[in-house]
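Participant: missing the sequence, but the structure's below:
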């Protein structure tokens, strides 16, 4: 990294929820953020749930999101590296981003080193103790046979069904507030502490919880949750020395 460049992180935009019309202002705000950070971005990390539902047929992807996809293509074409980690709402992402946008897609947490600082980066779903019901469900949904069965649904049926089920998620529909559970009950905090038992990381960067958080999990180690672009509009920035959570107020 150079002294004038920064690395940016964002997660949980859930575009398309609860409806395309209500999601549209958030898409515009996110595009404005991309326009802002491109001025000094060394790289951009998107940590999942960019879409509230995403499924790739062999020749079809869900329509919409053209401004977001176009802006990502513009930034990639300008030479800015972008990395995408799938979340629990877009876990059926395949190779569309890689082939169309030249954006690598990761299905599990990955290590990155910036300025001698070691990062562990991922979406965060299904990590740590507990949440056994979701972990079982995820195994079913990511099974190649399940994807093959779903692909037999006509896109007009499959996409509408997927969007309906995704919006029924209590977090997105607004039926349930997300609350901090305390360090002893936050699964990603426990996961981070367990990882530190065998290896040192300077930063654990995750999304999924929809709550902006910075928590010390060890000596010189921090767990950071990026929040979301539904109620907080928060993002992370690493300037080569320090990591900071910020709110985009455009």
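Facilitator: The structure has been received and is ready for your questions. Keep in mind that this is a model prediction, so the values were computed, not measured.
Participant: so what's the closest residue to residue 196 other than its chain neighbours bridging to?
Facilitator: For residue 196, ignoring the flanking residues on the chain, the nearest one in space by CB to CB, 6 or more residues apart in numbering is residue 218 at 4.6 Å. In this view, the C-beta of every residue, glycine as well, is placed from N, C-alpha and C. When bridges are called by DSSP bridges, residue 218 pairs up with residue 221.
Participant: Please renumber the chain so that the first residue is 96 from this point on.
Facilitator: Okay, residue one is now 96; in that scheme the one you just asked about reads as residue 313.
Participant: Which pLDDT value goes with residue 313?
Facilitator: Note for residue 313: predicted pLDDT of 90.
Participant: In this structure it contacts residue 290, no?
Facilitator: No: the criterion here is CB atoms under 8 Å, and residue 313 misses it with residue 290 at 9.4 Å.
Participant: so who does the residue nearest to residue 291 touch?
Facilitator: Applying CB atoms under 8 Å, 6 or more residues apart in numbering to residue 313 gives the contacts 287, 288, 291, 295.
Participant: And these, which is closest to residue 327?
Facilitator: Minimum distance to residue 327 across the contacts of residue 313 is 20.6 Å, recorded for residue 287 (CB to CB).
Participant: Distance of that closest one relative to residue 310?
Facilitator: 8 Å (CB to CB, to the nearest Å).
Participant: what's the overlap in contacts for those two?
Facilitator: Contact criterion CB under 8 Å, 6+ apart; residues shared by residue 287 and residue 310: residue 318.
Participant: out of these two, which sits in the busier spot?
Facilitator: residue 287 (25 against 17; other CB atoms under 10 Å).
Participant: My impression was that the more buried one belongs to a strand - is that right?
Facilitator: No: applying DSSP: H, G, I helix; E, B strand; the rest coil, one finds residue 287 to be helix, outside a strand.
Participant: can I assume it is in contact with residue 319?
Facilitator: No: counting by CB under 8 Å, residue 287 sits too far from residue 319 to count as a contact (9.6 Å).
Participant: to the chain's geometric centre, what's the distance from the helix ranked longest in the chain?
Facilitator: Taking DSSP state H as the criterion, the chain has its longest helix at helix 115-132. Its chain's average C-alpha position is 15 Å from that of helix 115-132, according to CA atoms, centre = their mean, to the nearest Å.
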